[in-house]
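J.: whatever this is, show me its structure:
(2 chains)
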2 protein chains.
Amino acid sequence: MLSIDDINENVSKINYAVRGPIVNRASQLSKEGRHILYCNIGNPHALNQKAMSFVRQVISICEYPELASILGDKFTKDVLDYSKNILKEVKNGLGSYSESNGYFFIREAVSRFINQRDGNTASSPESVYLTDGATQGIQLILNLLIKQNDGIMIPIPQYPLYSATINMLSGKPVHYLHNENKNWDVDLLELEKSIIMAKSKGINVKAICVINPGNPTGSVLSEESIENIIYFAEKHNLTILADEVYQENIYKGEFHSFAKIISKLRVKSVSLFSFHSTSKGFFGECGHRGGFFEAKNVPLDVLEQINKIKTISLCPNTVGQIITYMMVNPPKNCDISFKTYENEKLSILNSLAKKAKLVEEGFKNSDGITVNTIEGALYAFPKIRLHGEMNDNEWCLKLLEETGICVVPGSGFGQEEGTFHFRMTLLPDEDELRIIINKILEFNSRIRNCNF
Amino acid sequence: MLSIDDINENVSKINYAVRGPIVNRASQLSKEGRHILYCNIGNPHALNQKAMSFVRQVISICEYPELASILGDKFTKDVLDYSKNILKEVKNGLGSYSESNGYFFIREAVSRFINQRDGNTASSPESVYLTDGATQGIQLILNLLIKQNDGIMIPIPQYPLYSATINMLSGKPVHYLHNENKNWDVDLLELEKSIIMAKSKGINVKAICVINPGNPTGSVLSEESIENIIYFAEKHNLTILADEVYQENIYKGEFHSFAKIISKLRVKSVSLFSFHSTSKGFFGECGHRGGFFEAKNVPLDVLEQINKIKTISLCPNTVGQIITYMMVNPPKNCDISFKTYENEKLSILNSLAKKAKLVEEGFKNSDGITVNTIEGALYAFPKIRLHGEMNDNEWCLKLLEETGICVVPGSGFGQEEGTFHFRMTLLPDEDELRIIINKILEFNSRIRNCNF
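T.: You can find the predicted model right below:
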């Protein structure tokens, strides 16, 4: 019989905290009847965010085209037209395989979206790939890049998909620290230090991963920081992987895509892969696994290798593709659905902005917990002052047991040695969020009083 | 800039024929206005097979639950109830992530399905994993098993997902030949020969992949052959990967699952992973990427490693999961939709059986082409007699250029040295299929007359 010693050792050594032991303990408590406040994962609909009506109406017709005539005028005409247009492009319905890279008409729409977002950066559908969520794309590119022991730079803190996948592929994660004192900015000096250290160990560093807006940090990179990273990549011949899945979730400042800045700088020698998803923003359609990536400055023969990998898994799921289409091609202001669409969108985004403020202010002047300005994404990554009596794992577990609140320890994302954090989402209802913040503060002050 | 020499050499060396150069040439011709008869891929809806109404009605309501009240009595009550039940189980709609292994209620339903299909084999939801199509599950298990240079036995001919994935993971495909003269049966002697050869090269053989019903062979393994393979795996301490995605597509004989036979034999020391999909059978829902695998005789600590890999990609797409649920939990004969469901199902399956006969008889008595009895799956794998003037790649390309028919050369699946084949699907309409067969026969006799 298969034994644990027989299996791929790269699999055994990976670690994935976002759904790790604390979350498992939470499920167990939940099964025992305990009310758990889940703040561990960016899963908007699970925390009562509503699906966009337009999105779901269109999918329902695409799934069962007979609905169009059954419904008569129960759906607005633009919804019917939008769906009819998709069905025309898709030809044989959502049950056929699409092209391996995704439907061509959707890749065209993604290119148009990128060119509009960034000013014309000459995006073309031939370098756009539709994926089952951003995760699949990131894993594909890491698989493409990594030969045994190649190094990939990843931020600390990071989203653990990166370390897990790099380890699984026999690569070496090369850490660079976000500067917590500068609101999680990226220092050029730190990047240089990190790559020198890796090279001194004989590691061949191939690429740098950047998550902007930051997960778990909640920071948004300035144009200058992005420029620095691009020039750094150019100097060291690194490919950039830009994880931009939270680009619609901005509470302060402005989002600049790597594609835009690399085009503006006219840097032609740095290959860039940018990732986006339908799971975040205001769609929050996590379960449907939609997403895409765009390749820039990548030669044709490498794109062909990507095509080949894509063919093996046949095609991304068609509903995820259709939702991606709606994300990059929303109703226009002359459409009947536009007003509802905008209202739903703004209600979600405004509420998130309010909640970001709530969390920031809740922890700002507290005793023993500090937090940076939350500029974007769906998370806060507060720092907890602990003095050796417990680490953040133990803190989070105790928090869960005593309050029912489920957050993820900073160690799951990586953090500067000697510091402790937790990640929580901004997603619960405002009222619930207030309760959560108060419970955390009360818990932490109790813990501190016990210890000192 | 990234160059082809920088990338993972395991990616460069993979080869994937089902969507390879001949299919690319077909797309090109199609863009130039040529009418192409696609027989290269098992994509039922692309060849006019209709989606099951029940399936699509349920999904449309799950996507947009407000439909239930809008529709009133336009959908039958059992469709509304079925959908309502799913929405109750799913809790937050299809836009939330499910558990990484898939919704628990669906894994329970899969277990019940397996226990009913096989007689109670003690399947439990804890060893069922929902996946984005069978492909994702097969790739996951190969990734779990393969350490550098480990050998995995694969049939020749095979579905090229296996060789491509094994190569990508630095494993070694170890070929065993199906016996074409015994209607593609598997000989024990051939298995022994193959593993001895591999071991003599120092390859550590870990597992054997079996595709039953066969792709591309169209054969169905007898109970005896399955027993032989299980005892062979026991003798050599191999894990079995049983690809059973065509289990509903049977035209002759009977389908026996590996899970059933391994339970009947009371073999406890052979680990088994069995794969199923919503893409084939009579659903044909390829684009929705639904599927599952079940693990048998796999220890708990290994299952936990699988759970960990699953968490990294968050969850299988929710629509694919719901379709899987409908596949294993169809309407019952007391339900209002039952009759329509059965009619649609039988119409698809009967037509496929007729077409299998058509292809078999079409090529049976022909000059220069022979074919075995087509017992199952969606393909025929006819042998072409060629005498060195051209190989099967050239034959298929010439066929495409001259007739517009797109089939896949046998070399893409592997074949005994000196033999030549092509794979074609049984999916085109009956009338079109007759035309295709005649065109192929006419083309081949023309080719033969030119050469000899």
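
J.: longest helix in chain A, please.
T.: Longest helix of chain A, by residue count under DSSP state H: helix A:338-364.

J.: residue boundaries of the strands in the stretch 251-400 of chain A?
T.: Using DSSP state E, counting those that start in this stretch, the strands of the stretch 251-400 of chain A run over A:272-277, A:291-296, A:369-370, A:379-380, A:383-384.

J.: okay if I get those as CSV plus distance to A:Lys201 and mean pLDDT?
T.: From N, CA and C alone the C-beta is placed, and that goes for glycine too. Listed next are those as CSV, based on distance: least, CB to CB, whole Å; pLDDT from 0 to 100:
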stretch, distance to A:Lys201, mean pLDDT
strand A:272-277, 25, 98
strand A:291-296, 30, 98
strand A:369-370, 34, 93
strand A:379-380, 32, 96
strand A:383-384, 29, 94
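
J.: which of those sits closest to B:Gln139?
T.: Each of the strands of the stretch 251-400 of chain A has some distance to B:Gln139 by CB to CB; the shortest is strand A:291-296, at 18.5 Å.

J.: and the contacts of that closest one?
T.: Strand A:291-296 is contacted by residues A:102, A:107, A:110-111, A:114, A:121, A:123, A:127-138, A:141, A:245, A:259, A:262-263, A:271-279, A:303, A:306, A:320, A:324 when judged by CB atoms under 8 Å, 6 or more residues apart in numbering or on different chains.

J.: what does the stretch 251-400 of chain A put close to chain B?
T.: Residues of the stretch 251-400 of chain A found near chain B (CB under 8 Å from any CB of the partner chain) are A:268-271, A:283-289, A:297-299, A:301-302, A:305, A:308-309, A:311-320.

J.: which of these are buried?
T.: With neighbours counted by 16 or more other CB atoms under 10 Å in any protein chain shown, these contain buried members at A:270-271, A:283-289, A:297-298, A:302, A:305, A:308-309, A:311-320.

J.: of the residues you listed, which belong to helices?
T.: Secondary structure from DSSP H places A:Val302, A:Gln305, A:Lys308, A:Ile309, A:Thr311, A:Ile312, A:Thr318, A:Val319, A:Gly320 of these in helices.

J.: for the second one, what are its contacts?
T.: Taking CB under 8 Å, 6+ apart as the criterion, A:Gln305 is in contact with A:Leu144, B:Ile4, B:Ile7, B:Val11, B:Ser12.

J.: burial measure for the spatially closest residue to A:Lys345 that is not a sequence neighbour, as a count.
T.: Leaving aside its chain neighbours, A:Lys345 sits nearest to A:Phe282 (4.9 Å; criterion: CB to CB, 6 or more residues apart in numbering or on different chains). Applying other CB atoms under 10 Å in any protein chain shown, we find 19 other residues in the vicinity of A:Phe282.

J.: what two of the ones in helices among the buried ones among the residues of the stretch 251-400 of chain A next to chain B are the furthest from one another?
T.: Farthest apart among these by CB to CB are A:Val302 and A:Val319. That separation is 29.3 Å.

J.: tally of neighbours for the residue lying closest to A:Asn215 once chain neighbours are set aside?
T.: Nearest non-adjacent residue to A:Asn215, counting by CB to CB, 6+ apart: A:Tyr159, 4.7 Å away. Per other CB under 10 Å, the neighbour tally for A:Tyr159 reads 24.

J.: low-confidence stretches in chain A?
T.: The model of chain A has pLDDT under 70 over residues A:17-19, A:451-452.

J.: identify the residues contacting the closest residue to chain B within the stretch 301-450 of chain A.
T.: With CB to the nearest CB, the shortest gap between the stretch 301-450 of chain A and chain B falls at A:Thr318, namely 3.7 Å. A:Thr318 sits next to A:Val90, A:Leu94, A:Gly95, A:Ser96, A:Ser98, A:Tyr103, B:Gly287, B:His288 when contact means CB under 8 Å, 6+ apart.
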